[in-house]
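K.L.:
Return atomic coordinates for the entry below.
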Amino acid sequence: MRHARTAVSSLSSPILKTPSIHLGNILLIASLTKTLSESGTRNLDPNSIPLSESLVLQILRKNSLEPSKKLDFFNWCRSFKPNFEHSAVTYSHIFRTLCRSGFVDEVPSLLLSMKEDGVLVDSETFKLLLDAFIRSGKFDTALEILDYMEELGAALNHSVYDSVLVALVKKDRVGLALSIFFKLLEACNGDDNGDSVVCSFPGSVAINQLLVALRKADMRVEFKQVFDKLRVKREFELDTCGYNICIHSFGCWGDLGVSLILFKEMKQKEKSFSGSFGPDLCTYNSLIHALCLVGKVKDALVVWEELKVSGHEPDAFTYRILIQGCSKSYRMDDAMRILSEMQYNGFAPGTVVYNSLLNGLFKARKVMEACQLFEKMVQDGVRASCWTYNILIDGLFKNGRAEAAYTLFCDLKKKGQFVDGVAYSIVVFQLCREGQLEEALRLVEEMEARGFVVDLVTITSLLIGFHKHGRWDWTERLMKHIRDGNLVPHVLKWKANMEALMKNPPKTRKDYTPLFPVKGDFRDIMTLIGSTGQSMGTNVDSEDSGEKDHEMSPIETDQWSSSPYMDQLANQVRSSEHSSQLFSVIRGQRVQEKGIDSFDVGMVNTFLSIFLAKGKLSLACKLFEVFSDMGVDPVSYTYNSIMSSFVKKGYINEAWGVLNEMDEKVCPADIATYNLIIQGLGKMGRADIASSVLDKLMKQGGYLDIVMYNTLINALGKAGRLDEASKLFEQMRSSGINPDVITYNTLIEVQTKAGQLKDAYRFLKTMLDAGCSPNHVTDTILDNLGKEIEKLRLQKASILRTSSNGDDT
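P.N.:
Predicted coordinates for the structure are as follows:
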């Protein structure tokens with residue numbers, strides 16, 4: 001306002017400085033203001049009003065006058081062209097008035113009027129207009145204003161383009177925002193040949209918004225391009241918010257090394273700039289999240305303990321991240337401890353926290369604890385969601401409580417709430433596994449009638465069930481049950497094309513070329529794991545803590561540092577290269593659920609499951625070969641399926657070839673991959689190497705689930721290492737995982753075969769005391785145990801008889 005008054009005063013006539021004329025001007029302004037307030041412009045007499053820029057500006061500045069009246073007066077004055085024409089100053093002032101009062105819908109018509117008058121306001125006014133439309137959510141109009149500015153040849157500074165970038169990002173037009181960003185970079189690099197763009201770098205706010213949009217859209221390549229270009233720009237430095245965005249983004253994508261390098265930079269700048277760039281709570285939350293995502297939950301817990309005494313108090317997000325990380329890695333005792341501390345510190349856990357805990361408890365075979373936690377959740381007034389009930393239904397099914405799960409599903413349907421397409425898909429999958437195909441089809445029809453989308457997961461579950469139970473002709477019935485005219489025909493067309501390709505596969509490989517070339521031997525597994533770990537670019541194992549990074553100076557040892565352990569992790573990063581993730585905490589899925597982009601690999605995984613279930617390994621390998629040659633990129637589930645059959649049939653070298661290809665294609669291994677590695681080593685009788693693989697897995701961020709424990713106990717038991725198997729059993733229980741019937745069956749069997757009948761009986765008693773119900777396999781093992789006990793009793797009786805006869809003699 002001060003600048004506007006200065007400009008107007010310079011345009012005012014010197015005659016106004018005369019007291020009598022000045023008084024008359026005041027009276028005229030007061031009269032016009034009163035008339036406009038009472039009756040608008042219809043009672044104004046143009047012949048009695050000496051219109052001038054000074055007069056118009058004084059009317060527009062009147063706070064007592066409504067904005068609509070000011071706009072009417074502005075348009076009334078314009079109607080007297082050419083006797084009076086508005087200037088850039090008056091247009092700028094009416095624009096400011098409209099933007100501040102929320103009348104942005106009137107701006108486009110005024111812009112057309114300004115264009116007709118041949119007037120051009122300054123860039124600050126355009127910036128004000130852009131910001132007003134962005135705040136009101138009218139992003140399209142904001143972009144139209146930008147086009148209008150360029151059409152008029154207005155000088156656009158970086159602040160204007162900052163608003164444009166923000167508008168494009170919020171309009172979900174990230175691609176266009178990205179192209180404008182790169183255009184600005186070219187202009188700053190001197191590549192622009194002289195247009196209206198002023199060479200100035202975008203501001204931090206706009207760049208941060210662009211980075212957030214790229215992260216949300218999962219545009220990893222584009223994010224890295226922007227990040228790399230920012231790194232080479234000396235005139236730009238990331239602020240704390242920018243560092244946090246990059247640390248969080250790279251951490252979510254499994255690139256822990258880059259996140260730690262950026263943390264190291266923040267610590268170094270904190271010392272150079274007296275704390276203005278120091279890490280905040282958001283930084284530590286992002287780093288804890290990154291550590292949990294790559295499986296380094298133990299390190300995350302240490303950082304959390306360190307955080308509590310560093311001056312940065314954990315918030316609700318910190319607790320939620322840690323609970324989710326512990327639940328995914330089966331550290332349920334730690335998860336429950338964090339929950340108790342969270343509530344003690346006054347933070348109320350929400351639905352997401354309870355869902356994570358319920359999911360972890362069910363996976364750890366702690367059914368009673370999960371049910372008790374759900375009751376506590378309801379008592380605490382936390383609203384359960386559809387995901388909550390989906391976790392309950394799925395967990396009950398997987399823990400042998402099928403009747404309870406189906407009853408819960410039916411009760412929810414009767415209530416008409418908390419049932420979605422995922423719940424139907426879970427039940428359909430279970431029914432198909434049990435061979436109840438009629439009931440599964442009925443549920444699919446009901447699912448469609450309720451308006452839920454029958455997705456690819458549900459359809460492929462039905463296809464596997466049809467093929468497993470010899471009802472492949474039932475695929476036509478899907479057309480009657482599912483009204484979605486796109487997905488089912490697409491699936492059937494894909495199947496027909498697949499069968500044609502299998503009969504006449506394209507000749508892309510040389511004859512007799514192995515599908516999975518073998519390099520070395522399965523016993524070289526430690527070399528493969530070690531080399532992959534070195535190629536990660538970020539090794540923060542404790543065994544490597546003595547190695548120093550010579551490319552980048554480490555954080556100087558600071559005895560007053562608020563995060564010494566985090567500093568130690570950052571100092572152990574070996575290079576600034578972007579790293580690949582060796583181990584994925586998330587188990588691979590048969591269907592990726594990424595739309596049409598993952599349709600092919602989802603169908604390949606489905607038919608691999610069908611062929612391998614029928615024992616048709618050669619057909620499965622042919623399917624894999626045909627579609628991998630066609631450019632379909634396999635995922636970890638694909639490799640695990642092939643490798644599982646190789647291991648079961650004893651084709652250990654071929655399984656080793658699959659592992660080598662996973663390494664070459666940088667496909668991260670998951671917990672299922674390591675289960676298969678240990679199974680293969682167990683079949684080779686190399687339980688010693690299996691233990692080494694386990695140790696390496698734990699150091700690289702892996703974890704042990706119940707399948708992994710069972711696999712390793714079986715391998716150790718068959719190798720005669722019964723003490724180690726017993727210790728692993730105790731470790732399993734102490735880690736918070738309840739052994740299942742497979743665990744007890746394995747222990748009883750290996751102890752029986754080794755002649756350790758007392759230990760076998762002890763595990764049987766432990767099993768019954770724990771409430772674990774035996775199955776048909778248990779009955780077979782107990783028959784063998786009874787035979788061994790009877791054999792031992794007869795041997796003892798024979799020894800006693802022989803001894804008695806000797807004494808009589």
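K.L.:
Where does the prediction get shaky in the stretch 701-809 of the chain?
P.N.:
By pLDDT under 70, the low-scoring segments of the stretch 701-809 of the chain are 701-702, 797, 799-809.
K.L.:
now do 80
P.N.:
Residues of the stretch 701-809 of the chain that meet the criterion pLDDT under 80 lie in 701-704, 735-736, 784-809.
K.L.:
does Val382 count as helix, strand or coil?
P.N.:
coil (DSSP: H, G, I helix; E, B strand; the rest coil).
K.L.:
actually Pro774, sorry about that
P.N.:
Taken by three-state DSSP, the conformation at Pro774 corresponds to coil.
K.L.:
got the contact list for it?
P.N.:
Applying Cβ atoms under 8 Å, 6 or more residues apart in numbering, one finds that Pro774 lies in contact with Val741, Met767, Leu782. (Glycine included, C-beta is placed from N, CA and C.)
K.L.:
Let me see the contact set for the last one.
P.N.:
Residues near Leu782 by Cβ under 8 Å, 6+ apart: Ile748, Leu764, Pro774.
K.L.:
re earlier: the contacts of Pro774 in helices, which ones?
P.N.:
The helices, defined by DSSP state H, take in Val741, Met767, Leu782 from the contacts of Pro774.
K.L.:
which one of these is nearest Leu98?
P.N.:
Closest approach to Leu98 among the ones in helices among the contacts of Pro774 (Cβ to Cβ): Val741, at 73.6 Å.
K.L.:
Do I have it right that that closest one meets Thr778?
P.N.:
Yes. Judged on Cβ atoms under 8 Å, Val741 makes contact with Thr778 at a distance of 6.6 Å.
K.L.:
Chain neighbours aside, what residue packs nearest to the residue most central in space within the chain?
P.N.:
Central residue of the chain (Cα atoms, centre = their mean): Cys252, 6.2 Å from the mean position. Take Cys252 and drop its neighbours on the chain: the residue closest to it by Cβ to Cβ, 6 or more residues apart in numbering is Leu293, 6.6 Å away.
K.L.:
cool, and His248?
P.N.:
Counting by Cβ to Cβ, 6+ apart, the nearest residue to His248 once its immediate chain neighbours are dropped is Ser286, at 4.0 Å.
K.L.:
quick one: contacts for the one you found?
P.N.:
By Cβ under 8 Å, 6+ apart, Ser286 lies in contact with Asn244, Ile247, His248, Gly251, Ser259.
K.L.:
Find me the pLDDT at it, would you?
P.N.:
On pLDDT, Ser286 comes in at 94.
K.L.:
now could you export just the CA positions of the helix or strand harbouring it as CSV?
P.N.:
Following DSSP states H and E, one finds Ser286 within helix 281-293. Output of helix 281-293 as CSV, limited to C-alpha atoms (Å, rounded to 0.1, in the frame of the first residue of the first chain):
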residue,chain,number,x,y,z
LEU,A,281,12.5,-34.8,14.1
CYS,A,282,11.2,-35.2,10.6
THR,A,283,14.8,-36.2,9.5
TYR,A,284,15.1,-38.8,12.2
ASN,A,285,11.6,-40.2,11.5
SER,A,286,12.5,-40.6,7.8
LEU,A,287,15.8,-42.3,8.6
ILE,A,288,14.1,-44.7,11.1
HIS,A,289,11.5,-45.4,8.4
ALA,A,290,14.3,-46.1,5.8
LEU,A,291,16.1,-48.5,8.3
CYS,A,292,12.8,-50.4,8.9
LEU,A,293,12.0,-50.7,5.2
